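J.: Give me a 3D structure for the following:
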Amino acid sequence: MIKIYHNPRCTKSREGLKILEDSGKNFEIIKYLENVPAKNELKEIVKLLGIRPEQLIRRNEAVWKENYKAKTLTDEELIEAMVANPKLIERPIVINGEKAVIGRPPEKIETII
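T.: Presented below is the predicted three-dimensional model:
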């Protein structure tokens with residue numbers, strides 16, 4: 001089943017959700033700010049995306065600038081920072097089986113559905 005890690009307050013995330021709705025396919029919405037992914041789940045997401053944890057970080061968030069920006073963090077520490085502060089997770093993330101994309105721009109979602 002297709003999953004979207006969604007933040008309803010985010011324009012890009014809402015656009016990504018609309019793409020999934022318009023596709024007519026079944027999907028699951030995970031409001032990741034309310035249902036924060038566990039460490040292992042986040043590691044799996046990073047693996048499916050084929051990126052490093054640092055590439056999933058929203059660097060313009062105040063919590064990043066105030067608490068992490070000046071530090072050199074390991075991949076494990078970056079994952080822990082995202083679990084502790086889910087606002088740091090880039091969005092939307094869409095997973096379809098073994099394929100995943102960050103929906104920025106939202107049209108990237110169409111490549112895996």
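J.: since we're on the residue lying closest to Tyr32 once chain neighbours are set aside, how many residues are nearby?
T.: Take Tyr32 and drop its neighbours on the chain: the residue closest to it by C-beta to C-beta, 6 or more residues apart in numbering is Tyr5, 4.5 Å away. In short, each C-beta sits where N, CA and C put it, glycine included. If you count neighbours by other C-beta atoms under 10 Å, Tyr5 ends up with 28.
J.: Please identify the buried residues of stretch 93-100?
T.: Residues of stretch 93-100 classed as buried: Ile93, Val94, Ile95, Asn96, Ala100 (neighbour count, 16 or more other C-beta atoms under 10 Å).
J.: just to revisit the earlier point, the residue nearest to Tyr32 pairs with what?
T.: Here Tyr5 sits in beta bridges with Ile30, Ile93, going by DSSP bridges.
J.: Report whether the expected contact of it with Arg91 is present.
T.: Yes. Judged on C-beta atoms under 8 Å, Tyr5 makes contact with Arg91 at a distance of 6.2 Å.
J.: who touches both of these two?
T.: Common neighbours of Tyr5 and Arg91, using C-beta atoms under 8 Å, 6 or more residues apart in numbering, are Tyr32.
J.: and Lys3, what element?
T.: strand 2-6 (DSSP states H and E).
J.: just checking, next helix/strand downstream of that strand?
T.: Of the helices and strands lying after strand 2-6 in sequence (DSSP H and E), the nearest is helix 11-23.
J.: Please enumerate residues in contact with that following helix?
T.: So helix 11-23 is in contact with 2, 4, 6-8, 27, 29, 91-92, 94, 103-107, 109-110, 113, going by C-beta under 8 Å, 6+ apart.
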